[in-house]
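**Student:** Return atomic coordinates for the entry below.
(chains A, B and C)
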Amino acid sequence: MNNHTMMNELAEIDEIEHSKSAFAECCSRLFRNKAALFGLIVMVAVILIAIFAPLLAPYDYAKQNLPEMLQGPSFEHPFGTDEFGRDIFSRVIYGSRVSLQVGFLAIGISLLVGLLLGSIAGYYGGILDQCICALMDIAWAFPMTLIAIAIIAILGPGLFNVCLAIAACSWAAFARIVRGQFLSLRNQEFVEAARVLGFSDLRIILRHIFPNALAPVVVLTTLEVPKAIIVEATLSFLGLGVQPPMPSWGSIMSSGRSFLFDAPWITIFPGVMIILVVMGFNLFGDALRDSMDPRLRD
Amino acid sequence: MLRYVIKRIFFLFPILLGMTVVVFLMLHLAPGDPIDLIVGPNVTPEIRENIRHQYGLDRPLPIQYLHFLGNLLKGDLGTSIIQHRPVAEIIIQRFPVTLELSVAGLLISFLVAIPIGVKAAIKRNTLTDYICMVTSLVGISMPTFWLGLMLLYIFAYKLRLFPVSGYGTWKHLFLPALTLGFTDAALTARMVRSSMLEVIRQDYIRTARSKGLSEKLVINRHALKNALIPIITLLGLRIGWIMGGSVVLEIVFTRPGLGRMMIEAILARDYPVVQGGMVVLTTAIILGNLFADLLYAIVDPRIKLR
Amino acid sequence: MRREGTVFSVCCVALVFVLIAFTVVLGGIKTTTVEAAEKKVLVHALNRDGDILDTIKAAWYSDALIYLHDRLVTRDYNFQYRPGLAEKWETSEDGLVWTFHLKKGVKFHNGKPFTAEDVKWTFDTIKDPKTASPFAGDLKAIKEIKVIDDYTVQFTLNYPFPNLLFNLSNTAAGIQPANCYEEYGEDYGHKVVVGTGPFMLKEWIKGDRVVLVRNPDYNWGPDWMSNQGPPLLDELVIRAIPEENSRIMELETGGVHVLRDVPPMFVERLKNNPEINLVQGSATKLGYLAYACDKRPFDNVLVRRAINHAIDRKRIVKYIFRGNAQVAYGYLPPALKDEYLEESEQLAYKYNPEKAKSLLAEAGYPNGFEATLSADNSTISKRLAEVIQAQLAEIGIKAKIQLYDSASYKAMLKEGKQELFIRLYSWPNADILDWFLLSSQFPYPNHSRWVDKTTDEMINAAATSPTWEERAEGYKKVQRYLIEQAVWCPIYIPNNIIAVRKEVKNFKYHPWMIQYNDGIDIASR
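**Tutor:** I've put the predicted structure just below:
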């Protein structure tokens, strides 16, 4: 018993030591990288905008003012107004809430499902692994946009359903990467040691393999969130996203499409916002990946 | 090699089977009745039941599924509930439209991405590299439909260089292919660059350099070839992406392709068309993956086939 | 290394060639089909493509069907019933037997002469339950069709039904050659369509366009047209463009010549375009806000009246429709001249939020209530939903918007989950009220869930009146009652707006179908 605890503690300390120095090095490299810093700033900024939207937006996003419809950008309305005279600037600010909610929630769900199935497949192998892999291949083979549309056609439009639709397509990426990590880690010495010591599978998975498999999952998350944001915009653009008057960047663009000639600003500003935010996430994710992949170091 | 191919093709079937089950269940669980879209109001329940029977929609779900599967094996994808004609015929008409756009998009993407990615890698950390990489970053961060709308507005509407909608001539194809090609090139160029960077660092490139070979020769003869190998696997994965991208572009540019057919069929609950479309698209994607894997196996002798 | 390198290069080159070949083959071939310059081609755009070009089986009638087929009865520019393939007709005293005398010398596109046999076959096939024709329900008044001789056909009815003329003049009532299904099999309605109309099918690219060519033998146009002969146009192309802004862009860039159903927000900009003429007329459409009348609180007539008082219809017409619509108070549009109730506006509920609030209070909802507001996801419904939501909020009704695609919307209405919901009907006949409000239609299409004996009696009396005039009077009575009960909240009647490019000559406005064979021509640009 004594022996067990000691071994365990040793293993843990070793892990912590190991990950601590790697983490510190990783951070310092990140901050030296200007692009990553820019990405981080954009990410933090948009999260803050989403949280403090009611304080930042000059108008109520749903307040209609029909006589002031379709006005161009001006001092009162920096991004102009839409077909109901609503302030686009305020709507774009509130739209960040939807984009981020969908981004995080959808990827959160995929992450959970992916981790669960990926670790089961990777740890146990065998027939279970084959079944899960087949499932992954199916999810992988489906055209994402179409499957998301089909799911929404069944569940009906709405924020949570959009998340489910995105998650239904993107969990496979997580499962695949987690499985790969588990495959390579499950025969490592420290896992073998834990197994010899008679720890339960759950404990081995959670305390020994998991922390070591986390890095690539974090990178994948930063790179999958922007994808989810784009898919949400696409679905909203097709009229299958959140319900009005709640704005999302995709739905603002969708209604702006009818006014492309007379009021191009309705379509342009949310588009630029998407590019900016998605770029921020991608820059940060790329830098994170580079800093964790020693082969690409100079 | 042959064993590997056979094994891979054999593995197609469980995947297709699983996919048909998923699609079948999803569609039949959806609210909405295709009969409503076929018949007008003022229709007696008797006629409704008649139509339901005619399309076999009155039978229990498992029977309907087995029936569908049986026909599928015979190469019969069923009959469209709304168009009253064989699904296979509809798909044969629509598929070239999507294929044309996908292939043209892929072509533009590779023609643009490979030179740019290689250039950026060779001139690493110079202005050229930064410009290429920032452009491609903007490219991957842009929703495809947004770029399509902007190009449509500028080139078709303002400058009147290309038609706004429709399909048929190369002029109809150009704008959507450019949109698809650009967003895809952005991703491919980044992959080419990082793959190239990795290769340049390898020993044999150093050896080649130290042997005094010209830089151009080193890059073209040795580095590029090896750097492109991973890009081929990418090609397989791109096929699914490209087809997904063309769905949205078919809406923006009004092209009568498979994607638009699928969206219309999903919204109308035309089950046989959706099922048939999914089977064809998925098969195309899986075959694309298989093709890329095989190509990969041929060009990279290090890969041992299981 | 060398050998693998060669294999690799060969693969790459081959791949590129395959890709190029594909593009050339798929994209290039069709460049040759660009039409010759001297041909007169008119392009007409719609928001969708037909599913099948067969009037018997189609659930949605593409405009192409108007020109491929002729009907027994036509409607002229003033919406009056006039002879078509039937030269004249007479009705028996009791209104139960209708005898139609057919035109002679009419030929189908395949050369066969048109006779009474074709009329009988067409309607018998529609009525046959095995065909499952969507149009069958509209012909349930017909008991039997008898061929008297080659050019005389007799319809016997189950009950007096003056509306038969309307049904026979519909797009759905196009006459097809007898036994065309046996002759052409599955191709009929896709590769082959045979009618007696002024245009013939040349090519149908599904989802994109239907190409029609003039019927050179055509000389049996209705007498109210200036041109009874073949059309002046060589080809009529009917394109399907679902995106409204793409349709407008095509019109402005000259890719489309005639556009039906122009969305109201584009009217202003098209008016300012010197290359485009706008033709407007009142449509036989009605947009309304409905509610589930059997659910609380909508079962209370005071609540229904309050909602009617809460909607500022003038503001909606001004801003959502930019003035290109009429305010609606009654249940039928004024374009149905005979049945329209002139005093609708006096009887109906004017915009008055204070009154609405007091009515709500009287009904026991001083602080309003919460409800869902459903709509289909078309552009105009979406916009209406947002404005109505804001206007209902003024009187304390907190509505939550739920949008559906058209299939789910119908499913939802059928299941009866609706509370408040937005609808638009488009139908050129008063029998629309039968279809939406009879208790026999509950729960669908009677989606306002209005089950009421008085309404049933009034409508049935009107529909089976022996003469057209008595029928019209009957429907007016129905409308008075509906207004009193506030069964719906009528909001607007959109204008029929048709945009026509300047190259198109001699364009005449028709309230229901554009008559391309009536001397419409196109000048080269």
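**Student:** for C:Gln402, helix, strand, or coil?
**Tutor:** What DSSP: H, G, I helix; E, B strand; the rest coil gives for C:Gln402 is strand.
**Student:** and the closest residue in space to it that isn't next to it in sequence, which of the three is it?
**Tutor:** Leaving aside its chain neighbours, C:Gln402 sits nearest to C:Ser374 (4.9 Å; criterion: CB to CB, 6 or more residues apart in numbering or on different chains). The way it works is simple: take the backbone N, C-alpha and C, and place the C-beta from them, glycine included. What three-state DSSP gives for C:Ser374 is strand.
**Student:** Please look at C:Ser374 and C:Asp405 and confirm they touch.
**Tutor:** No - applying CB atoms under 8 Å as the test, C:Ser374 and C:Asp405 come out as separate, 11.9 Å apart.
**Student:** could you give the mean pLDDT of the helix or strand hosting B:Thr179?
**Tutor:** Assigning secondary structure by DSSP states H and E places B:Thr179 in helix B:170-200. For helix B:170-200, the mean pLDDT works out to 87.
**Student:** May I see the buried residues of that helix?
**Tutor:** Neighbour-count burial for helix B:170-200, counted by 16 or more other CB atoms under 10 Å in any protein chain shown, picks out B:170, B:172-200.
**Student:** Would you mind pulling up the elements that it packs against?
**Tutor:** The helices and strands touching helix B:170-200, judged by 3 or more CB pairs under 8 Å, 6 or more residues apart in numbering or on different chains; DSSP states H and E, are helix B:87-122, helix B:127-141, helix B:144-151, helix B:224-252.
**Student:** among those helices, which gets the worst mean confidence?
**Tutor:** Looking at the helices and strands packed on helix B:170-200, the bottom one is helix B:224-252 with a mean of 77.
**Student:** CA atoms of the following helix or strand past it as CSV?
**Tutor:** Counting by DSSP H and E, the next helix or strand C-terminal to helix B:224-252 is helix B:258-268. The C-alpha trace of helix B:258-268 is given here as CSV (Å, rounded to 0.1, in the frame of the first residue of the first chain):
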residue,chain,number,x,y,z
LEU,B,258,-26.3,18.3,-56.3
GLY,B,259,-26.0,20.6,-53.3
ARG,B,260,-29.0,22.7,-54.2
MET,B,261,-30.9,19.6,-55.1
MET,B,262,-30.1,18.2,-51.7
ILE,B,263,-31.1,21.3,-49.8
GLU,B,264,-34.4,21.6,-51.8
ALA,B,265,-35.1,17.9,-51.2
ILE,B,266,-34.3,18.1,-47.5
LEU,B,267,-36.7,21.0,-47.1
ALA,B,268,-39.3,19.2,-49.1
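**Student:** can you give me the angle helix B:258-268 makes with helix B:224-252?
**Tutor:** Calculated by axes from the mean of the first three to the mean of the last three CA atoms, to 10 degrees, helix B:258-268 forms an angle of 40 degrees with helix B:224-252.
**Student:** which parts of the helix or strand just after helix B:258-268 are buried?
**Tutor:** Next along the chain after helix B:258-268, taking DSSP H and E as the criterion, comes helix B:271-299. For helix B:271-299, the buried set under the neighbour-count rule, 16+ other CB under 10 Å, comprises B:271-282, B:284-286, B:288-290, B:292-299.
**Student:** Let me know whether helix B:271-299 sits next to chain A.
**Tutor:** Yes - shown here: helix B:271-299 in contact with chain A (CB under 8 Å from any CB of the partner chain) through B:274, B:278, B:281-282, B:285-286, B:289.
**Student:** Tabulate those (TSV), appending distance to chain C and pLDDT.
**Tutor:** TSV is the format used below for the residues of helix B:271-299 next to chain A (distance: CB to the nearest CB, whole Å; pLDDT from 0 to 100):
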residue	distance to chain C	pLDDT
B:Val274	12	82
B:Met278	17	79
B:Leu281	16	79
B:Thr282	21	76
B:Ile285	17	75
B:Ile286	19	75
B:Asn289	15	73
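**Student:** and which of the residues you listed is nearest C:Gly84?
**Tutor:** Proximity of these to C:Gly84 (CB to CB) peaks at B:Val274, which lies at 39.8 Å.
**Student:** if I pick the residue nearest to that closest one when sequence neighbours are not counted, what's in contact with it?
**Tutor:** Using CB to CB, 6+ apart and skipping residues adjacent in sequence, the residue nearest B:Val274 is B:Ala265, 4.8 Å away. Contact analysis of B:Ala265 by CB atoms under 8 Å, 6 or more residues apart in numbering or on different chains lists B:80, B:82, B:273-274, B:277.
**Student:** Look up which helix or strand the closest residue to B:Leu287 other than its chain neighbours falls in, please.
**Tutor:** Leaving aside its chain neighbours, B:Leu287 sits nearest to B:Leu12 (7.9 Å; criterion: CB to CB, 6+ apart). With elements taken from DSSP H and E, the one containing B:Leu12 is helix B:2-29.
**Student:** And the average pLDDT for that helix is what?
**Tutor:** When pLDDT is averaged over helix B:2-29, the result is 76.
**Student:** Now do that helix and helix B:271-299, the angle between them.
**Tutor:** 160 degrees.
**Student:** List the buried residues of helix B:2-29.
**Tutor:** So helix B:2-29, judged by 16+ other CB under 10 Å, has buried residues B:8, B:12, B:15-16, B:18-20, B:22-24, B:26-27.
**Student:** Over to stretch C:164-179?
**Tutor:** For stretch C:164-179, the neighbour count (16+ other CB under 10 Å) marks C:164-178 as buried.
**Student:** what residue is smack in the middle of chain C?
**Tutor:** Residue closest to the mean C-alpha point of chain C, counted by CA atoms, centre = their mean, is C:Ser426 at 5.6 Å.
**Student:** Look up how far C:Arg260 lies from that residue.
**Tutor:** 12 Å (CB to CB, to the nearest Å).
**Student:** which SS class is the residue of the stretch 151-300 of chain C found nearest chain B?
**Tutor:** Per CB to the nearest CB, C:Gly207 is where the stretch 151-300 of chain C lies closest to chain B, at 2.9 Å. Under the three-state scheme (three-state DSSP), C:Gly207 adopts coil.
**Student:** list the contacts for it?
**Tutor:** B:94, B:256-257, B:260-261, C:49, C:240.
**Student:** do B:Val274 as well
**Tutor:** Shown in contact with B:Val274 (CB under 8 Å, 6+ apart): A:150, B:23, B:27, B:262, B:265-266.
**Student:** what about whichever residue of the stretch 151-298 of chain A sits closest to chain C, distance to A:Ser248?
**Tutor:** Closest contact between the stretch 151-298 of chain A and chain C, by CB to the nearest CB, is at A:Gly239 (4.4 Å). Distance of A:Gly239 to A:Ser248, computed by CB to CB: 11 Å.
**Student:** ok, the two, which is more surrounded?
**Tutor:** Legend: neighbour count by other CB atoms under 10 Å in any protein chain shown for A:Gly239 and A:Ser248, higher for A:Ser248 (30 against 20).
**Student:** Point to the helix or strand of the chain where mean pLDDT is at its lowest.
**Tutor:** Just going to use chain A. Evaluated with mean pLDDT, DSSP states H and E, the helix-and-strand set of chain A has its lowest mean pLDDT in helix A:2-32, which scores a mean of 51.
**Student:** next structured bit after that helix?
**Tutor:** Per DSSP H and E, the first helix or strand lying C-terminal to helix A:2-32 is helix A:34-51.
**Student:** still on that earlier bit, just give me the closest of the buried residues of helix B:2-29 to A:Ser90.
**Tutor:** B:Met26 (37.5 Å).
**Student:** just checking, that closest one touches A:Ile152?
**Tutor:** No - the pair B:Met26 and A:Ile152 fails to qualify as a contact (CB under 8 Å) at a distance of 10.9 Å.
**Student:** ok, so of the buried residues of helix B:2-29, who is nearest B:Gln54?
**Tutor:** Closest approach between the buried residues of helix B:2-29 and B:Gln54, by CB to CB: B:Leu27, at 18.3 Å.
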